[in-house]
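I need the structure of the sequence given here:
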Amino acid sequence: MSSLQNFHPRAFEIAGNDTDLAYYTAHPHLSLMDVGGYKAVETLYHTFLQEGDTILDLMCGRNSHLPNDIPFQEVIGLDISKEALQENPILTKQIVEDINQSPQIPLPDESINAVCLCCTFEYLRKPQAIFKESFRILKPGGCILITFTDRFLPIRATALWQALNTEDRQRLIYLLLEEAGFVERDKGEVHPPTDHKIWKDTVYSVIGRKS
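Residues are numbered from 1 along each chain as shown. Predicted structure coming up:
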């Protein structure tokens, strides 16, 4: 994938007919990432996040995978499930919203140091709008951290995501970040040791920084 031109009109549609609220009420979503993957994401966050930061964790669910040893100023969780947000122990503020229905993030301009999306990009049906909103709310120098593995829910993941290989999935995110205004971008991956018993999932990342 070398450009964002000529997306199929149904590129970001999903197979299921249920709304997110209806589906996840009936099927509470548990992350498909294994324990080793969690630690890899936590290590990435430890590298980019700093003491005193204000963090927005999009579609965070019950676990934000944020390091416990960094004293953040504020950790804001946005999710469709009020119950999941209430069970997330690190959050200092909760926003209940379905960003696939309404992709506006109800936060002021330049108020956030970092936006995190862990294993959730594949379910975004309006990713362009979400990235532009993320750019708007980030302070200059702030970053957006996107991580994913090869696991996802086929019934909820977008058609384009399922059609792409891993390299092109990273490229898709990379190009969408550029379109949203993120000039400084990077991508990487962390592979588990071949003999590791609790870490089997390679973790991929794409990072954008607001100059």
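
bridging residues for residue 187?
residue 206 (DSSP bridges).

oh sorry, the question was meant for residue 75
Beta-bridge partners, per DSSP bridges, of residue 75: residue 55.

OK, contacts around it?
When contacts are counted by C-beta atoms under 8 Å, 6 or more residues apart in numbering, residue 75 is found next to 54, 55, 57, 64, 66, 90, 91, 92, 93. From N, CA and C alone the C-beta is placed, and that goes for glycine too.

Distance-wise, check the residue nearest to residue 207 when sequence neighbours are not counted relative to residue 47.
Taking C-beta to C-beta, 6 or more residues apart in numbering, and ignoring the residues beside it in sequence, residue 207 has residue 186 as its nearest neighbour in space, at 5.0 Å. Taking C-beta to C-beta, to the nearest Å as the criterion, residue 186 is separated from residue 47 by 11 Å.

just residue 83 next, same as before
From residue 83 across to residue 47, the span is 31 Å (C-beta to C-beta).

likewise residue 184?
With C-beta to C-beta as the criterion, residue 184 and residue 47 are 15 Å apart.

between these two, which one's more packed in?
Taking residue 184 and residue 47 together and counting by other C-beta atoms under 10 Å, residue 184 has the greater number of neighbours (12 against 9).

got a list of what the residue lying closest to residue 109 once chain neighbours are set aside touches?
Closest residue in space to residue 109, ignoring its immediate chain neighbours: residue 136 at 5.7 Å, by C-beta to C-beta, 6+ apart. The contact partners of residue 136, taken as C-beta under 8 Å, 6+ apart, are 105, 109, 110.

ok, now with 10 Å
Listed by C-beta atoms under 10 Å, 6 or more residues apart in numbering, the contact set of residue 136 reads 104, 105, 107, 108, 109, 110, 111, 112, 180, 181, 210.

Inside strands: which ones of the residues you listed?
residue 112 (DSSP state E).

Write the PyMOL selection for whichever of the contacts of residue 136 are buried.
For the buried members of those, the matching PyMOL selection, counting by 16 or more other C-beta atoms under 10 Å, is:
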select buried, resi 105+107+112+180+210
